[in-house]
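Chemist: starting from these lines, generate the structure:
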Amino acid sequence: MKLLADLCVGATLANAKEKDSGLREGSRAAADLARRLDTAEAEARSKIREWLETDRPEGAFKRKPVHWPLVFPEVFEKGGFDAVIGNPPFLGGQKITGSLGTAYREYLVQGIGRGTRGSADLVAYFTLRAHDVISGKGQTGLLATNTLAQGDTREVGLDQIVADGVTIRRAIKSEPWPSKSASLDYCAIWGSRSRLSDKVKRILDGREVSGITSSLDPASRVSGVPKRLVENKNVSFVGSTISGTGFTMAPERARELIQKDPRNKDVLFPYLNGRDLNENPDCSASRWVINFHDWPEFEARKYIECYNKVKESVKPERIKNNMKLRRDYWWRYATRCPTLLRKIKNENLDKVVVIALVSKTVMPAMVPTGQVFSHMLGIFATNDTAMLALLSSAPHYWWVKARGSSMRADPRYTPSDVFENCVAFTRLSTRLLSALTDGRIVSRQWGDSTTDSTKLAGKSFAIPSVQQLNAKSWTACSS
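Modeler: Presented below is the predicted three-dimensional model:
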């Protein structure tokens, strides 16, 4: 039985990257070996070893499948465990592929995550598995990092668990770890697959509430997961991951290189990051960076001093990288954002709105284009001051706190989770703020509980009160 189970797991792992078509092909290959097992056991065992080694990074743990129903047959004859308690291991979503391999990540997404994609931390998949192996009356008690209830990790894990009918009956949303041995915030959840009586108390952060959502907030009359909207596509972006401090230099050195050879202006740019944005009064870059764009190596070689600096300072580390593209194209950035660059060029934008992705303040700024934006910046491809005002507003801040994630105790801005899914922020509010900033409103009465009709450029325009605007934002984004 274990051999047959290993065949199934191995075939799934080896073919997960090809999604449905690959899984079908893997299933057929596993079924063929299973039918011939009496005469082809050695071949099957060899194939299992080959499949399980697919894309395994050097130094990663050996892959040894555990088949719960075979290890605990008496438990699964009754439908599963009565309870699962634990502290699942943590590994950030961006590090899963490099640490465990592309095939393993795809196996997590397809085999455990039910096809829901996103940069979810490993804890989301352990949480899904914990709820998969409990019985219809099973209970869970899990301790995890607070990212379990945030962003992509929540969408992959708790959102699906709650949608399956599990009730979160008790939770701690986020608290500092009670020890100096680790600097992190944790959360805790107590789940029940059994239907709970209305008399059972739901306790969140020590207080009784009417219910607990998948984001570990008190349930309200508006529920559901906000969806990403087409109208918000290609507005917000994340900056470039340069993957190599050897690309950077002091501004003085950059100016020297440009003075020595004016052609170096083609590849030397200010490098703006989150610290610059939050600490420099003028939001200027404190460093410059070499940028060989998407050029082939022979083109980069034409800029001799810049190329040699990257070759000496970046290449030795990049050629050790687990990702082939980063090894092979060591003179380029690990990730760029070509869609953002095209939009800036096509719309002739001289400025854009940027925001630090990790910050206590969640405060944007308008900055010039013509510089390289760090991967720790969110960029909004617009020079509209109404967008700047909107992103500086209190409703936006609290939406980020509610729907975004965090790094330690600081909010972490994830555009796909807090900007792309809110209709009122980008349509109603921006139109209204544009009207205000353009000075086209003839008269207005802020604060009324009714809607005023005001003429804008000869056209009738309905302006809601602040209270109505906030309510519409939250209702539209939460339904």
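
Chemist: would you agree Ala44 is in contact with Leu7?
Modeler: Yes. Contact criterion CB atoms under 8 Å: Ala44 and Leu7 qualify, at 6.3 Å. (Glycine included, C-beta is placed from N, CA and C.)

Chemist: so what sits against both of these two?
Modeler: Counting by CB atoms under 8 Å, 6 or more residues apart in numbering, the contacts common to Ala44 and Leu7 are 33-34.

Chemist: higher neighbour count, those two?
Modeler: Using other CB atoms under 10 Å, the more surrounded residue of Ala44 and Leu7 is Leu7, with 25 against 20.

Chemist: what's the more buried one sitting at in phi/psi?
Modeler: Per-residue torsions, Leu7: phi -60, psi -40 (degrees, to the nearest 10).

Chemist: contacts only, for it.
Modeler: 30, 33-34, 44, 47-48.

Chemist: for Ala188, which three-state class applies?
Modeler: Taking DSSP: H, G, I helix; E, B strand; the rest coil as the rule, one finds Ala188 in the strand state.

Chemist: pretty sure it sits against Thr140.
Modeler: No. Contact criterion CB under 8 Å: Ala188 and Thr140 do not qualify, at 10.7 Å.

Chemist: could you check which of these two is surrounded by more residues?
Modeler: Legend: neighbour count by other CB under 10 Å for Ala188 and Thr140, higher for Thr140 (22 against 18).

Chemist: and that one, helix, strand or coil?
Modeler: strand.

Chemist: start to end distance for stretch 160-174?
Modeler: 20 Å (CA to CA, to the nearest Å).

Chemist: flag every buried residue along that stretch.
Modeler: Within stretch 160-174, the residues scored as buried using 16 or more other CB atoms under 10 Å are 160-162, 166-174.

Chemist: now swap in stretch 294-306 and tell me
Modeler: Buried-residue list, stretch 294-306, by 16+ other CB under 10 Å: 295, 300, 303, 306.

Chemist: contact partners for Trp288?
Modeler: 248-251, 253-254, 268-271.

Chemist: so it versus Pro88, what's the distance?
Modeler: The spacing between Trp288 and Pro88, counted by CB to CB, to the nearest Å, is 42 Å.

Chemist: please apply the same query to Lys320.
Modeler: 30 Å.

Chemist: over to Arg63?
Modeler: From Arg63 to Pro88 the distance is 18 Å (CB to CB).

Chemist: sec struct for the spatially most central residue of the chain, please.
Modeler: Taking CA atoms, centre = their mean as the criterion, Ser119 is the residue nearest the geometric centre of the chain, at 4.6 Å. Classification of Ser119 using three-state DSSP returns coil.

Chemist: for it, which non-adjacent residue is closest in space?
Modeler: In this structure, Ser119 finds its nearest non-sequential neighbour in Gly93, 3.6 Å apart by CB to CB, 6 or more residues apart in numbering.

Chemist: just checking, the one you found touches Arg117?
Modeler: No. In this structure Gly93 lies outside contact range of Arg117 using CB under 8 Å: 10.5 Å.

Chemist: these two: which is more packed in?
Modeler: Each of Gly93 and Arg117 has its neighbours counted (other CB under 10 Å); Gly93 has more, 19 against 12.

Chemist: and the more buried one, what does it touch?
Modeler: 118-122, 152-153.

Chemist: hmm, back to that, of the buried residues of stretch 294-306, closest to Ser243?
Modeler: Ser243 lies nearest to Ala300 out of these, by CB to CB, at 15.6 Å.

Chemist: re earlier: how near is the residue nearest to the centre of the chain to Val238?
Modeler: 11 Å.

Chemist: show me the chain divided up by domain.
Modeler: Per automatic domain parsing, the structural domains of the chain span 1-54, 67-225.

Chemist: least confident of those domains, on average?
Modeler: If the domains of the chain are sorted by mean pLDDT, domain 1-54 sits at the bottom with a mean of 88.

Chemist: between the two ends of that one, how far is it?
Modeler: 23 Å.

Chemist: what of stretch 317-337?
Modeler: End residues of stretch 317-337 are separated by 23 Å (CA to CA).

Chemist: hmm, back to that, CSV please, covering the contacts of Gly93 and showing distance to Ala389.
Modeler: CSV is the format used below for the contacts of Gly93 (distance: CB to CB, whole Å):
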residue, distance to Ala389
Gly118, 30
Ser119, 30
Ala120, 33
Asp121, 34
Leu122, 39
Asp152, 28
Thr153, 31
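
Chemist: most surrounded residue in the residues you listed?
Modeler: Asp121 (29 neighbours).

Chemist: could you check how far the nearest residue to that residue once chain neighbours are set aside is from Lys401?
Modeler: Excluding the flanking residues, the one nearest Asp121 by CB to CB, 6+ apart is Thr153, at 4.6 Å. Note on Thr153: its distance to Lys401, by CB to CB, is 16 Å.

Chemist: which residue ranges of the stretch 1-150 of the chain form strands?
Modeler: Using DSSP state E, counting those that start in this stretch, the strands of the stretch 1-150 of the chain run over 81-86, 134-145.

Chemist: of those strands, flag the one that's most buried.
Modeler: The highest average neighbour count among these, using mean count of other CB atoms under 10 Å, belongs to strand 134-145 at a mean of 18.

Chemist: ok, residues contacting whichever helix or strand comes after that one?
Modeler: Moving toward the C-terminus from strand 134-145, the next helix or strand (DSSP states H and E) is helix 151-156. Under the criterion CB under 8 Å, 6+ apart, residues 93, 113, 116, 118-121, 123-125, 128, 147-148, 214-215, 225, 404-405, 412, 414, 416-417 lie in contact with helix 151-156.

Chemist: show me which of those residues are buried.
Modeler: Buried among the contacts of helix 151-156 by 16+ other CB under 10 Å: 93, 113, 116, 118-121, 123-125, 128, 147-148, 214-215, 404-405, 412, 414, 416-417.

Chemist: keep only those of these that are in helices.
Modeler: 123-125, 128, 416-417 (DSSP state H).

Chemist: how about a markdown table for these, with distance to Lys345 added?
Modeler: Formatted as a markdown table, these follow (distance: CB to CB, whole Å):
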| residue | distance to Lys345 |
| --- | --- |
| Val123 | 40 |
| Ala124 | 38 |
| Tyr125 | 40 |
| Leu128 | 42 |
| Ser416 | 23 |
| Asp417 | 28 |
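
Chemist: what two of the residues you listed are the furthest from one another?
Modeler: Leu128 and Ser416 (20.5 Å).

Chemist: OK, contacts around the closest residue to Asp350 other than its chain neighbours?
Modeler: Spatial nearest neighbour of Asp350, excluding adjacent residues (CB to CB, 6+ apart): Thr369 at 6.1 Å. The neighbours of Thr369, taking CB under 8 Å, 6+ apart as the test, are 344, 349-352.
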